[in-house]
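> Sequence isn't available, so here's the structure alone:
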């Protein structure tokens, strides 16, 4: 058996186990088995190592990256390799992948990121939201457009879905809106009617928190989402992105619709 076949088979087994655990957790919470989307966090590996190819071969279509430059480099590397006949391993066309941006986003990187991502998980301030909205308006107006790309297969998006990040753990090294003032802080984001679509909330459990504390943090994020639904009924807040390799089943128990899985897939 070749190295590629071993990687493909082992990755398929691990992804299957994660999907089965997620499905069982969803059913225990009274939801359908397919209520949770697994995003494979691929930020740790380079494209030529074949991990994305193995995930794609196993049926995964949602990949997560946390750095703008790394996502762009990986996208272009996969595009180049997928266009070569007989590439080993056979690489996926990056246009067939839904790329989730899950890391901290700097305002000066927004314009570069937007054509590459299907969902931004980490809008953590009203100012960042306003910057994304402004750039979307500029790039969709012929009078102010600056984005130009010879590759017409990657146009600038007309609309961009985002999640608002909330610092539910209270840790100083985490980004996000503060839970205590979330509705007040986020009101300007919900009240806009532009091309940025708020799809839900994102949060991370505390690294030093006990399982009980982490579950309470996830419950808090769900409660904030529910409160936002009442305060801003026009918003489509279907998504709760919470839970990673060590705590995703706790997150699903509290209503997660997206879990971000990295280390246990390797």
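Looks like it came in fine. Please read these numbers as outputs of a predicted model, since none were measured by experiment.
> Name the surrounding residues that touch stretch 71-83.
42, 46-48, 52, 65, 87, 90-95, 97, 99, 101, 112-113, 116-117 (CB atoms under 8 Å, 6 or more residues apart in numbering). Where you see a C-beta, it was placed from the backbone N, CA and C, and this is true even at glycine.
> Swap in 10 Å and give it another go.
42-43, 45-48, 50, 52-53, 56, 63-65, 67, 87-97, 99-103, 109, 112-113, 115-117, 151, 153-154 (CB atoms under 10 Å, 6 or more residues apart in numbering).
> Please enumerate the helices of the stretch 51-200 of the chain.
51-57, 68-82, 110-113, 126-139, 182-190 (DSSP state H, counting those that start in this stretch).
> I'd like the mean pLDDT over the fourth one, please.
When the per-residue pLDDT values of helix 126-139 are averaged, the result is 96.
> low-confidence ranges in the protein?
47-48, 85-87, 149-153 (pLDDT under 70).
> tell me, what residue is most central in it?
In the chain, the residue lying closest to the centroid (CA atoms, centre = their mean) is residue 100, at 3.6 Å.
> Report the next helix or strand after the lengthiest strand in the chain in sequence order.
Counting residues, the longest strand found in the chain (DSSP state E) is strand 196-203. Using DSSP states H and E, the next helix or strand after strand 196-203 towards the C-terminus is helix 211-231.
> now the helix or strand following that following helix, how far from the centre of its chain.
Next helix or strand after helix 211-231 toward the C-terminus (DSSP H and E): strand 239-242. Centroid displacement of strand 239-242 relative to its chain, using CA atoms, centre = their mean, to the nearest Å, is 9 Å.
> ok, now stretch 88-100?
16 Å.
> What are the buried residues along that stretch?
Within stretch 88-100, the residues scored as buried using 16 or more other CB atoms under 10 Å are 89-92, 94, 97, 99-100.
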